[in-house]
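[1] dropping the sequence and predicted coords here.
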Amino acid sequence: MKSAYELAMERLAASDGDRKVVTEEQKAKLAEIDEKYQAKIAEREIFLKPKLVAAEASGNRPEAQDLRKQIASERARLEEEREAKKDEIRAQA
C-alpha cells in the first residue's frame with residue numbers, strides 16, 4: 001500500500017509530463033541573464049539612492065516618494081524584461 005506522500009508524488013509527476021528539460025547551455029544562458037539584470041538593477045539603485053537620501057534629508061517628501069516609486073517601477077520593469085528573456089531561452093528547449 002502506498003503512502004499519501006507517494007501518491008501525491010505520482011500525481012505531481014503525471015502533471016509535470018509537459019515540462020521541458022533545460023540543458024546545461026540554457027542554464028548558463030539563464031545565469032548570464034540573471035547576472036546582467038542584477039547588475040542593471042544595482043546600477044539604477046546606485047544612481048537613484050543618493051537622490052532619495054538627499055530628498056529625505058532636505059525634508060522633500062513628495063520628491064522622496066517619487067524617487068521611491070521610480071526605483072520600484074524600474075526594478076519591476078527590469079525584472080519583467082529579465083523573465084521575458086529567460087522565457088525565450090526556456091522556449092528553445
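    Looks like it came in fine.

[2] grab the most central residue of this protein for me.
    residue 79 (4.4 Å; CA atoms, centre = their mean).

[3] before we move on, which element is that one in?
    Following DSSP states H and E, the helix or strand that holds residue 79 is helix 61-91.

[4] what's that helix packed up against?
    Packing contacts for helix 61-91, counted by 3 or more CB pairs under 8 Å, 6 or more residues apart in numbering; DSSP states H and E, involve helix 24-57. Placement of C-beta: from N, CA and C, glycine included.

[5] who are the packing partners of the helix it packs on?
    helix 61-91.

[6] next, the buried residues of the helix it packs on.
    64, 67, 71, 74, 78, 82, 85-86, 89 (16 or more other CB atoms under 10 Å).

[7] the helix holding residue 79 vs helix 24-57, what angle?
    Orientation check (axes from the mean of the first three to the mean of the last three CA atoms, to 10 degrees): helix 61-91 against helix 24-57 gives 180 degrees.

[8] helix 61-91 - what's its average pLDDT?
    The average pLDDT for helix 61-91 rounds to 95.

[9] residues contacting the residue nearest to the centre of the chain?
    Counting by CB atoms under 8 Å, 6 or more residues apart in numbering, residue 79 touches 37, 41.

[10] any idea how far residue 48 is from it?
    Going from residue 79 to residue 48 by CB to CB, to the nearest Å gives 16 Å.

[11] also residue 80?
    Distance of residue 80 to residue 48, computed by CB to CB: 18 Å.

[12] do the same with residue 70
    Taken as CB to CB, the span from residue 70 to residue 48 is 6 Å.

[13] could you do residue 74 as well?
    Relative to residue 48, and taking CB to CB, residue 74 is found at 8 Å.

[14] next: residue 25.
    Per CB to CB, residue 25 is found 35 Å from residue 48.

[15] with neighbour numbers in mind, choose between the two.
    Legend: neighbour count by other CB atoms under 10 Å for residue 25 and residue 48, higher for residue 48 (15 against 10).

[16] done for today, thanks.
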